[in-house]
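Peer 1: could you work out the structure for the sequence below:
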Amino acid sequence: MTEGTPEVCLAVADEQTAGRGRSGRSWVAPSGAALLLSLGFEPTYLEPDRLWRLGAVVALAMVDAAEEAAGLPVGMLKLKWPNDIVVEALEAAACIRKVAGILGETEGAGTTGARAAVGIGVNADWPRDRFPAELAATMTSLREVSRGRPVDAVVVLDEFLLRLEPRVLALRDGHFDVAGWHSRQVTTGRAIRIEMPDGSTQRGTAVGVDGATGALLVADGAGVERELLVGEVTHVRLGSATGEVRGEPAPGFAATARAVRDSAAGVTQ
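Peer 2: Predicted coordinates:
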């Protein structure tokens, strides 16, 4: 955002050839396949430890909009902590496929010059036979989820903006849809494997999310809970609700909770 640009500003692209995801990962999307947009905010009304809520309200507005535009049942799309919109694959109950990802960045947190940008890419009218080979096993699109129904990205955008405005206004007034954010979490109740920035992995069971901090709550085998904040992990891999991650049992979990409170949600593709 630049001086004189009002909140909220929006930029939309039809194609992405050099996108940047979480932890520097690349992200591409061919023309006509996805809705690609970036939103600019001036979140002077949010404390640094609440900035993560910008990415959360963008995600909540988008899941509602995408379900409406694609004719999907309410609640079919889920949120995978911290940064993905996903759907549970019809062919396998434990298979989660990615529909969209979000990346947020901030500067000047806690000052009168606070700025934030939230980017989101939604696989809209992307047919399965055009999925990149290296991602075909983990991604999907609104077109595929709706069993081949064409999905107009412009319609998704219109529905999204209609839903985003009241959520942002509520956030400005100090209100956040904690219940809605909790109810959309696909991570809750699942065994997970957590990849840490130092390359180590830890396992546990995701038992929920903290509506105040945005942290993922993880329990070890003894039921002891720890918090993980965005920025403390590089990736979370899901298992089934029966306690397995890719066939491996979930042993005890241990982690330190560092206060990376000004981090927003990121995208991993």
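Peer 1: does E68 really touch E159, like I thought?
Peer 2: Yes. Counting by Cβ atoms under 8 Å, E159 is a contact partner of E68 at 5.0 Å. C-beta here means a position set from N, CA and C on the backbone, and glycine is covered the same way.
Peer 1: ok, A215 - contacts?
Peer 2: Listed by Cβ atoms under 8 Å, 6 or more residues apart in numbering, the contact partners of A215 are V209, E227, L228, L229, A257.
Peer 1: distance of the first one relative to P150?
Peer 2: Read it as V209. Per Cβ to Cβ, to the nearest Å, V209 is found 34 Å from P150.
Peer 1: neighbour-wise, which of the two wins?
Peer 2: V209 (24 against 11; other Cβ atoms under 10 Å).
Peer 1: please enumerate the strands of the stretch 1-150 of the chain.
Peer 2: Remark: strands assigned in the stretch 1-150 of the chain by DSSP state E, counting those that start in this stretch are 9-13, 16-20, 26-29, 34-41, 78-80, 84-88, 96-107, 115-123.
Peer 1: those strands: lowest mean pLDDT?
Peer 2: The weakest mean pLDDT among those belongs to strand 16-20, with a mean of 58.
Peer 1: backbone torsions only: list them for the most centrally placed residue in the chain.
Peer 2: In the chain, the residue lying closest to the centroid (Cα atoms, centre = their mean) is N83, at 2.5 Å. Main-chain dihedrals, N83, degrees, to the nearest 10: phi -140, psi 10.
Peer 1: I'd say it and A100 touch.
Peer 2: No. Under the criterion of Cβ under 8 Å, N83 makes no contact with A100, lying 9.5 Å away.
Peer 1: before we move on, back to that, in PyMOL, select just the buried ones from the contacts of A215.
Peer 2: The PyMOL selection below is limited to those of the contacts of A215 classed as buried (16 or more other Cβ atoms under 10 Å):
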select buried, resi 209+227+228+229
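Peer 1: and L35, how many neighbours does it have?
Peer 2: So L35, with other Cβ under 10 Å, has 28 neighbours.
Peer 1: break the chain into its domains for me.
Peer 2: With domains defined by automatic domain parsing, the chain comprises 9-182, 188-249.
Peer 1: ranking those by mean pLDDT, which is last?
Peer 2: domain 188-249 (a mean of 84).
Peer 1: just give me how far that domain sits from the chain centre.
Peer 2: Here domain 188-249 is found 16 Å from its chain centre; the criterion is Cα atoms, centre = their mean, to the nearest Å.
Peer 1: V122 versus A13, what's the distance?
Peer 2: 12 Å.
Peer 1: pull up the overlap in contacts between the two.
Peer 2: Shared contacts of A13 and V122, counting by Cβ under 8 Å, 6+ apart, come down to L36.
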